[in-house]
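Participant: build me a structure from this.
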Amino acid sequence: MAVLSIPSTGQEIKDPAEIKQYLNQRGVFFAQWEASVVFEDTASQEEILEAYRHELEPYMSANGYTTADVISINKLTENYDAVRAKFLSEHTHSEDEVRFFVDGQGLFWFNLDGHDVFNVLCQSGDLISVPAGTKHWFDAGEKNPFVKAIRIFIDTSGWVPEYTHSGIEQKYI
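Facilitator: Numbering: from 1, shown residues only. Just a heads-up that it's a prediction; the model follows:
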């Protein structure tokens with residue numbers, strides 16, 4: 001279950017309907033799917049995608065997405081500090097960044113013009129779509145990272161981050 005936090009006000013939202021409303025008002029899509037399949041850390045991308053094909057195919061077809069893969073970060077992840085640093089820098093993408101969390105958790109941070117910086121702790125079952133051009137960063141955690149998420153895009157070129165170099169993320173790390 002997701003948790004939305006606004007550090008500047010100390011506000012925390014745990015109700016899924018309120019989180020969805022807050023995010024949707026800011027152009028960020030949020031939904032919850034059932035994530036009932038448990039995978040080993042060594043589960044293959046194909047196994048994970050197949051387990052959720054019944055959710056993925058209709059969603060991707062309805063929204064024009066053509067490709068999906070799996071990001072799995074855990075105690076087996078080599079060079080985790082470098083991987084984490086890449087995601088921790090504020091960036092945008094040329095297309096929507098869609099993530100469905102099948103296990104574990106990760107923290108999406110948002111820096112939307114005209115709004116306080118906020119974050120959403122996404123956990124198993126949470127689906128979030130960060131619109132193209134949205135300033136954000138992601139943290140899988142400093143210690144004991146654990147996240148398995150399906151990434152969905154129109155084209156793999158949309159996965160390339162465009163760093164803002166604003167440095168704002170340093171206030172929150």
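Participant: tell me the mean pLDDT over stretch 159-173?
Facilitator: For stretch 159-173, the mean per-residue pLDDT is 93.
Participant: and for Lys14, the neighbour number?
Facilitator: Neighbour count for Lys14, taken as other CB atoms under 10 Å: 12. Yep, even glycine has a C-beta here, placed from its N, CA and C like the rest.
Participant: before we move on, what about Phe153?
Facilitator: Phe153: 20 surrounding residues under other CB under 10 Å.
Participant: any idea how far it lies from Asn24?
Facilitator: From Phe153 over to Asn24 the distance is 21 Å, taken as CB to CB, to the nearest Å.
Participant: with Ala140 instead?
Facilitator: The spacing between Ala140 and Asn24, counted by CB to CB, is 25 Å.
Participant: more neighbours, those two?
Facilitator: Ala140 (22 against 12).
Participant: got the contact list for the more buried one?
Facilitator: Ala140 sits next to 73, 84, 87, 104, 106-107, 146-147 when contact means CB atoms under 8 Å, 6 or more residues apart in numbering.
Participant: ok, 7 Å please
Facilitator: Neighbouring residues of Ala140 by CB atoms under 7 Å, 6 or more residues apart in numbering: 73, 84, 106, 147.
Participant: and those residues, which is closest to Glu50?
Facilitator: Val147 (19.3 Å; CB to CB).
Participant: enumerate every residue touching that closest one.
Facilitator: In this structure, Val147 makes contact with 73, 101, 104-106, 140, judged by CB under 7 Å, 6+ apart.
Participant: leaving out sequence neighbours, find the closest residue to it.
Facilitator: Spatial nearest neighbour of Val147, chain neighbours left out: Gly104 (3.9 Å); criterion: CB to CB, 6 or more residues apart in numbering.
Participant: count the residues that sit near the one you found.
Facilitator: 19.
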